[in-house]
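In: curious how this folds, go ahead:
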Amino acid sequence: MNEPVRCGWCGTDPQYVAYHDSQWGRPETDSLALFEKLCLDGQQAGLSWLIILRKTESYRAAFDNFDPHKIALYDQEKIEQLLQDPGIVRNRLKVNSIIKNAKGYLKLQQQGIEFSDFIWSFVGHRQVVNRPQTLADIATTSAESEAMSKALKKAGFTFVGPTITYAFMQACGLINDHLLDCHCRQACMQLQ
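Out: Model prediction:
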């Protein structure tokens, strides 16, 4: 039996292939799932996504399953504890960014803004479907990711530059950048 055609970036690592096939590009509308993914994408800065993917469960354990209400209350003692956790990237700026992002999430909520609606507003609540034939055809930023980055920073989020927000938009299905011949492309569009 032939192996299905996939986007080449996932290679052959079983965990990466599973992520590509079951998560990447599938429209996500749950606010807490979007918050978690945005935080994890920020942790990737300067690293490979596979490193963060492998640490996802450790991040969930370390950061109270990405509950913004709990994370926003972290104090200096908790930060120092996190910086000793070998299951996460032990970078003070990145640890602090998750706390700042939780506070930003709650700030939006207090303004009556649902995080999912906020995130999806940058694409008019409809998936952007690109038509890349090769990996070289895939952008790293867009007008939408620039606008999202700017708005998130204004709301108090960090590690949300336009390249990070573009990768986040791809991963959460706001943008469908599966290659034209990828077996997941159509399935991700049908979820819209």
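
In: let me see the ranges of the helices in this protein.
Out: Assignment of helices within the chain using DSSP state H yields the ranges 14-22, 31-43, 49-62, 68-71, 76-82, 92-110, 115-120, 143-154, 162-171, 185-190.

In: of those helices, give the one that comes closest to His178.
Out: helix 185-190 (3.8 Å; CB to CB). Just so you know, the C-beta spots here come from the backbone N, C-alpha and C atoms, and that holds for glycine as well.

In: output the closest one as PDB, restricted to C-alpha atoms.
Out: The C-alpha coordinates for helix 185-190 follow below in PDB (Å, rounded to 0.1, in the frame of the first residue of the first chain):
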ATOM      1  CA  ARG A 185      -5.900  19.400   2.200                       C
ATOM      2  CA  GLN A 186      -9.500  18.500   1.300                       C
ATOM      3  CA  ALA A 187     -10.300  17.200   4.800                       C
ATOM      4  CA  CYS A 188      -9.200  20.500   6.400                       C
ATOM      5  CA  MET A 189     -11.400  22.400   3.900                       C
ATOM      6  CA  GLN A 190     -14.400  20.200   4.700                       C
END
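
In: please begin residue numbering at 16 from this point
Out: Renumbered: residue one is now 16, and that last one reads helix 200-205.

In: what helices or strands is that helix leaning on?
Out: strand 190-191 (3 or more CB pairs under 8 Å, 6 or more residues apart in numbering; DSSP states H and E).

In: which regions of this protein lie under the pLDDT threshold?
Out: For the chain, applying pLDDT under 70 flags the ranges 16, 206-207.

In: one step back: quick one, which of the helices of the chain gets closest to Ala151.
Out: Nearest of the helices of the chain (CB to CB): helix 177-186, 15.3 Å.
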